[in-house]
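Q: structure of the sequence below:
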Amino acid sequence: MKNGKKIKVFLVDDDALFLKSLEIEFLHHTDFAVETFATGELCLKNLSNPPDVIILDYHLSGIDKNAMNGIETLDKIKSYHPNIPVVMLSSQDKIDVAISCMHHRAFDYVVKSETAFMRLQKNITAFFQYEKIEKELNWYMARM
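A: Got it, this is the predicted structure:
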């Protein structure tokens with residue numbers, strides 16, 4: 001929980017089966033509020049009520065070949081809400097793809113696999129622990 005309320009997570013993936021299985025994992029094994037989107041465009045339309053975390057597929061071209069890809073969506077998310085952590089997901093286990101995502105200010109890069117849900121859950125926990133420590137440090141620094 002974040003400040004007494006559920007952590008809100010957006011899941012964005014054009015692979016309907018993977019998206020549904022990831023949603024089920026989050027709903028059954030966490031206390032997060034989850035919203036799913038099949039395209040980056042749909043995710044962006046719903047940023048008026050922003051999530052705490054976004055899990056975003058790297059490709060996003062399965063439904064519409066002209067749809068924004070994950071990097072384009074990531075860049076737009078960061079231009080609207082630079083502080084929302086975005087974890088990129090991909091079936092590609094390539095270091096250059098991961099580096100590109102990090103250059104575009106992704107919080108992390110996770111390869112789609114049997115352990116993807118566990119890694120995502122750990123990423124979300126790590127982000128909020130980091131955020132809490134950063135706030136405490138800023139509070140102490142302001143008093144010096």
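Q: output the below-cut-off pLDDT ranges for the chain.
A: For the chain, applying pLDDT under 70 flags the ranges 1-4, 62-63.
Q: the same query, at a cut-off of 80, please.
A: In the predicted model of the chain, residues 1-4, 61-66, 128, 130-132, 144 satisfy pLDDT under 80.
Q: show me the helices in it, by range?
A: Counting by DSSP state H, the chain has helices at residues 16-29, 40-45, 70-80, 95-103, 116-142.
Q: buried set for the first one?
A: Using 16 or more other Cβ atoms under 10 Å as the test for burial, helix 16-29 gives 18-19, 22-23, 25-26. Glycine gets a C-beta too; all of them are placed from N, C-alpha and C.
Q: could you do the third one as well?
A: Buried residues in helix 70-80, counting neighbours by 16+ other Cβ under 10 Å, are found at 70-71, 73-74, 76-77.
Q: cool, the last one as well?
A: Of the residues in helix 116-142, those with enough neighbours to count as buried (16+ other Cβ under 10 Å) are 116-117, 119-120, 123-124, 127-128.
Q: so which residues make contact with stretch 64-84?
A: 12, 14, 39-41, 43-44, 47, 50-54, 56-61, 86, 88, 90, 100-101, 104-106 (Cβ atoms under 8 Å, 6 or more residues apart in numbering).
Q: go again with 7 Å.
A: Stretch 64-84 has contacts (Cβ atoms under 7 Å, 6 or more residues apart in numbering) with 39-41, 43-44, 47, 50-51, 54, 56-61, 86, 88, 100, 104-106.
Q: now those residues: which count as buried?
A: Neighbour-count burial (16+ other Cβ under 10 Å) is assigned, among those, to 39-41, 43-44, 51, 54, 56-60, 86, 88, 100, 104, 106.
Q: distance of the nearest residue to residue 117 once chain neighbours are set aside relative to residue 42?
A: Nearest residue to residue 117, sequence neighbours excluded (Cβ to Cβ, 6 or more residues apart in numbering): residue 25, at 4.3 Å. Per Cβ to Cβ, to the nearest Å, residue 25 is found 21 Å from residue 42.
Q: kind regards, and thank you for your time.
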